[in-house]
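> Need coordinates for the following:
(3 chains)
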Amino acid sequence: MAASTLAAKAAGRSAALDRAGELFEPALRVWTGVVFAFLFLPIVLVVIFSFNASRLVEVWTGFSLKWYGTAWTDPSILDALRTSLIVAVANAILATIFGTLAAIGMQRVGHRVRTAFELMVYGTIVTPEIVIAIASLLFFVTINFDLGIPTIVITHVVYNTSIVALIVRARLIGMDRALDEAAADLGATPIQTLRRITIPLLYPAILAGALLAFTFSFDDFVLTFFVSGATSTTLPLRIFSMLRFGVSPVVNAVATVMLVVTLTSIFTASLIVRRHGRGEGEAGLLLAAARSAAQRRAA
Amino acid sequence: MLLAPAAVWYVAFFVAPLGFILVFSFLTSADYGGIDYKFNLGNYPQLLKAPIYLRIFLNTIGMAFTGTALCLVVGFPLAYFLATRAGRWKNVFLIMLIVPFWTSFLTRTYAWLILLSDSGPLAHVLRQAHLLQGDLGFLYTYKAVLMGVVYNYLPLMVFPLYVSLERLDKRLLEAAKDLGAGRLRAFWRITVPLTMPGILTGCLLVFIPLTGEYVIPAILGGAKSYMIGNLIGDEFVSAHDWAFGSALGMAVIVLLMVLIAIYFRLARRATSAEMSL
Amino acid sequence: MSRPFGSELSRREFLAMSALATGGLALAACGVGSTSTASNSLAPVGPIESELSVYNWDQYLSPDDLKAFKAKYPSLKVNTATYASNEDMLAKIEAGAKGYDVVVPTGYMVEIMIAKKLLMSLDYRQLPNFSHVDSIFRDPGYDPSSKHSVPKDWGTTGFGVRTDKLTLMSTWKDFFSNAAQYKGKVSVLDGATEVVGMALKANGFSYNSDKDAELSKARDTLLQFKPYVGKITSTDYKADLTSGNIWAAMGWNGDFEALTGQTPAPPVKYVIPSEGAELWIDCWAILASAPHPVAAHTFINFFLDPKIQGQEIQYTYYAQAESEAKQYMPDAIRNDPIIFPSADSLRPLETRKATPGGQRARDQIFAEFKAA
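Okay, here's the model as predicted:
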């Protein structure tokens, strides 16, 4: 009697779990959809209201492109946009290079050096932005370094290098050391290993890091406010000063344009990349070679 | 050496400037801003004198903690989907994830201001559907701050999670299923431990900057949300008290470093458990 | 925009203000051209430089007028950068930021910057249009003999109310004590001096009081008020009042004037409370470190032209310091009581006079208020 109730209970429970398991796939998809909807909701609002003839968001008075015209003819906005892009790209390149190298390097050094380095990496993230902003301003003034695009890039790179380093490192941890060894066995120099094995395998993390670095730089306000010069206003600074009368349709127009431009360039880029494929093939071959070599040795 | 470029950069443009702040924290503020080069140990004790500083700090940590937890809960399924189910569209999804963040933080946050307003579109729709009477009551509350936080920090959580999940060998999960483990069991005993580096990185990347966040609370949280970031900013800019602001800044940095050290000690135990798999 | 300078309006100042306000003849008591030009050793005026950087509040300079200036001096490249408060600007300049020429500090900030030697003595040979500035503005308390600044515009700080949601108040006392009615829909400016000052006024004290007992009472008023406060902002209240997120807001008269010009205009009434409020003057000044002083003077001189001033007010909605400019303003603006308040309402206003001790006390109280 007891056994059959137990069995029945177990059967019932696994049946329930199965049902729950069946919901898993659709639930996952729904959740993803919900999150993306959440992320794009304000964006949709921004795009819609960039076409609103009225200056106010409370009323819709008709479709109009006039704000785009205003944005286009306002040199300060275009200047700010250009500055933002230059800064963000420069920062992304530098931060990705430094951060990736640092992540790889951290795995290879001794405990002491690593801890000291880690201290700096975490230090840059831990420090409140306002503190580093003022500190950097004082620093540049003291060494008589003129404020401008270089100072903005320099300070952004400090923070973003750490971001890239941490993301790449997350991927690196536990990565198959066998690959490195196999490559060495087959006579590759450390640089070759780096170029043709490690970095291609780290590719998703590096891309993720670069994207984040670009975004944070493009979007940054506090740091930029303090270290920008008289002639180097970025888009966030420009927008902030325009917000006193509420969300400005001109700002919405600029945001929409940015959206369209970036989306088109991303899609074109991905089409190009798809044609050329990626270098994971090499790593796979190497792994296979290493494994067969190991098998032969064991035989 | 590989660490050299980053290390040089850090020392020149982070450690050196921070040195200024450290020095300032031991000096006196000049009237209306700036620094008087007068040695003064009183800035640090001042932190402990009035309870409001400790209260603000604890509020901030609480908000950061809750925000991070929410990001993890919201972001993990998303990262899982991206890493395991998205297939060829992986990169597309990743980029779609970050595209909203190219429209300027302020624009987005002020858009939320409109969306969440009592006379905004969301309230309007809910009222039409008879799901709401009167005010939405969301804006200028703690809830609004948390929502804004999750909105703006999600990529910082999702990217490391994704990177870690993507590396997960699916064959391990298949093996587990073959051996009779249920989905949930496989998740807890395999997926989570193996993606722990990603989880830890994500939590760290969100929690730490979140403690210094002050713009989101200022815009969406109104008068009820005063975080340590607001306080430090105000001390430097509004109150012109550079010395005290510096002391506050240094104190926050030190306290957070301590928290991180503890975090890592605990995390090391978690990841070493993974190694024994 | 944080505010002013000086101290209690003297009888002379008050009369002059009201004369300006009622659009009557400006008191010519002091006569014209009484500018005792500052420096003894003036460098010879050189050729105009090729670049100029103006560091200003946002939307505080008409784009059309700026275009007209650029058209007049086509070889001059003009950069504009913006800030949202006097303190932001001071923080950057103090930390040593260079490259800016013209700044727009409020009176009390002019005084602070003079004390810190951050401003250049003006060369009045390059500012002939200064002769149009009303005599009352020529020798302000914050900048004796106008050595370092010229007035840009002036205004008041009071509060505005959504008359469709709340019954209109007329005193600071009511503004603070009616808090329970607001249900969290009231905002105050993000400025220690304004907020503490208004609380002082509500208790019947001077805006610039330094007395511990009085400041303590102001503190109590504020802490009682805090639970009902929705937002502390100097930038968002216009949008908030329009959308109904906020029903009552402390703010500056020009902003409320701008609200009336919106379509549709929200039913907001601006009040100068009977206890008084703050009267402020924003000024043009040139930084001591300015790399392009000649261009800077040229710029300021252009904007001292009464015709330009008459156009500026149609953009900024803040009163100008030149009565001559009135002939270039539309009637609606000239007779607008928000921009040009009546003599009676101006009477109890005070201008700000900061002292280090008083400022520190205010900062402390405000920090407590914010954190409460």
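> going forward, measure contacts and count neighbours with C-alpha atoms only.
Will do.
> so what's the residue of the stretch 101-250 of chain C found nearest chain B up against?
Taking CA to the nearest CA, chain B has its nearest neighbour within the stretch 101-250 of chain C at residue C:231, 4.2 Å off. Counting by CA atoms under 8 Å, 6 or more residues apart in numbering or on different chains, residue C:231 touches B:140, B:221-224, C:185-188.
> Helices - which of those residues land there?
Judged by DSSP state H, helices contain none of the contacts of residue C:231.
> Need the residues you listed in JSON lines (columns: pLDDT and distance to chain A).
Output for those, formatted as JSON lines (pLDDT from 0 to 100; distance: CA to the nearest CA, whole Å):
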{"residue": "B:140", "pLDDT": "82", "distance to chain A": "16"}
{"residue": "B:221", "pLDDT": "84", "distance to chain A": "17"}
{"residue": "B:222", "pLDDT": "82", "distance to chain A": "16"}
{"residue": "B:223", "pLDDT": "83", "distance to chain A": "18"}
{"residue": "B:224", "pLDDT": "80", "distance to chain A": "21"}
{"residue": "C:185", "pLDDT": "89", "distance to chain A": "17"}
{"residue": "C:186", "pLDDT": "92", "distance to chain A": "17"}
{"residue": "C:187", "pLDDT": "92", "distance to chain A": "15"}
{"residue": "C:188", "pLDDT": "93", "distance to chain A": "15"}
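> quick one: which of these is nearest residue B:203?
residue B:221 (22.7 Å; CA to CA).
> Residue B:145 is in contact with the closest one, correct?
Yes - Residue B:221 lies in contact with residue B:145 (CA atoms under 8 Å); the separation is 5.2 Å.
> which bits of the stretch 51-200 of chain A sit near chain B?
With CA under 8 Å from any CA of the partner chain as the criterion, the stretch 51-200 of chain A meets chain B at residues A:57-58, A:98-99, A:101-102, A:104-106, A:117, A:120, A:122-132, A:135-136, A:138-139, A:154-155, A:158, A:161, A:163, A:166-167, A:170-171, A:173.
> Please name the nearest non-neighbouring residue to residue C:199.
Leaving aside its chain neighbours, residue C:199 sits nearest to residue C:218 (5.0 Å; criterion: CA to CA, 6 or more residues apart in numbering or on different chains).
> How about residue A:132: what's its closest non-neighbour residue?
The nearest residue in space to residue A:132 (CA to CA, 6+ apart) is residue B:18, at 6.7 Å.
> show me the contacts for the one you found.
Here residue B:18 is in contact with A:132, A:135-136 (CA under 8 Å, 6+ apart).
> what about the chain, any weak spots by pLDDT?
By default, I'm working from chain A. Applying pLDDT under 70 to chain A flags residues A:1-3, A:7-22, A:55-59, A:174-178, A:194, A:243-248, A:266, A:269-299.
> I was after chain C.
Along chain C, segments meeting pLDDT under 70 span C:1-44.
> And the strands in it?
Ranges of strands in chain C, per DSSP state E, are C:51-57, C:77-83, C:102-103, C:149-162, C:186-188, C:229-232, C:248-252, C:268-271, C:278-286.
> most packed of these?
Burial of the strands of chain C is given as mean neighbour count (mean count of other CA atoms under 10 Å in any protein chain shown); strand C:248-252 ranks first at a mean of 28.
> helices or strands next to it in the packing?
When contacts are defined as 3 or more CA pairs under 8 Å, 6 or more residues apart in numbering or on different chains; DSSP states H and E, strand C:248-252 sits against strand C:149-162, strand C:186-188, helix C:237-243.
> do that again at 6 Å, thanks
Contacts defined by 3 or more CA pairs under 6 Å, 6 or more residues apart in numbering or on different chains; DSSP states H and E place strand C:248-252 against strand C:149-162, strand C:186-188.
> partners of it in the sheet?
strand C:149-162 (antiparallel), strand C:186-188 (parallel) (DSSP bridges).
> Tabulate these (TSV), appending distance to residue C:360.
Formatted as TSV, the strands paired with strand C:248-252 follow (distance: least, CA to CA, whole Å):
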stretch	distance to residue C:360
strand C:149-162	22
strand C:186-188	20
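> Of these, which is nearest residue B:44?
When the strands paired with strand C:248-252 are compared by CA to CA, strand C:186-188 sits nearest residue B:44, at 30.7 Å.
> Around chain A, pick out the residues from chain B.
Proximity of chain B to chain A (CA under 6 Å from any CA of the partner chain) is limited to residues B:2-3, B:6, B:17-18, B:78, B:103-105, B:111, B:160, B:163-164, B:197-198, B:208, B:212, B:253.
> Just the buried ones from the residues of the stretch 51-200 of chain A next to chain B, in PyMOL syntax?
Provided next is the PyMOL selection string for whichever of those are buried by 16 or more other CA atoms under 10 Å in any protein chain shown:
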select buried, chain A and resi 57+58+98+99+101+102+104+105+106+117+120+122+123+124+125+126+127+128+129+130+131+132+135+136+138+139+154+155+158+161+163+166+167+170+171
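> and the closest residue to residue C:173 other than its chain neighbours, how many neighbours does it have?
Leaving aside its chain neighbours, residue C:173 sits nearest to residue C:202 (4.5 Å; criterion: CA to CA, 6+ apart). A count of nearby residues for residue C:202, using other CA atoms under 10 Å in any protein chain shown, gives 26.
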